[in-house]
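Asks: Curious how this folds, go ahead:
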Amino acid sequence: MKIELNKVFTVNKGNRTVKWKVIEHPYFDDLALVKDYSGLYGRMKNGVCKEDYKHLNGHTTLETAYNDAYKMS
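Replies: Take a look at the predicted model:
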């Protein structure tokens, strides 16, 4: 699966479906995973929302983002 910056992608693990996206980290020159916390502030949209910064889930790269998200799902 090709992962793109600021684009939502889906991970299916067991009977769960989780939405993720990769954004530029707000404080470091790095990329970070953001999990869909739709119950807290509404659905994720393409692009970066300032609320995403509250829900960072760790360092990633575009090449490893899907596997990283799968492990955390």
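
Asks: Quick check: buried residues in the longest strand anywhere in the chain?
Replies: Determined from DSSP state E, the single longest strand within the chain is strand 16-24. Across strand 16-24, burial judged by 16 or more other Cβ atoms under 10 Å covers 19-23. C-beta here means a position set from N, CA and C on the backbone, and glycine is covered the same way.

Asks: Looking at the residues you listed, which is nearest residue 67?
Replies: The nearest member of the buried residues of strand 16-24 to residue 67, counting by Cβ to Cβ, is residue 20 at 11.4 Å.

Asks: which non-adjacent residue is nearest that closest one?
Replies: residue 69 (4.3 Å; Cβ to Cβ, 6 or more residues apart in numbering).

Asks: Name the residues that touch the one helix or strand that neighbour maps to?
Replies: For residue 69, the element it lies in under DSSP states H and E is helix 65-72. For helix 65-72, contacts defined as Cβ atoms under 8 Å, 6 or more residues apart in numbering pick out 1, 3, 9, 11, 13, 18, 20, 22, 31, 33, 35, 57-58, 60.
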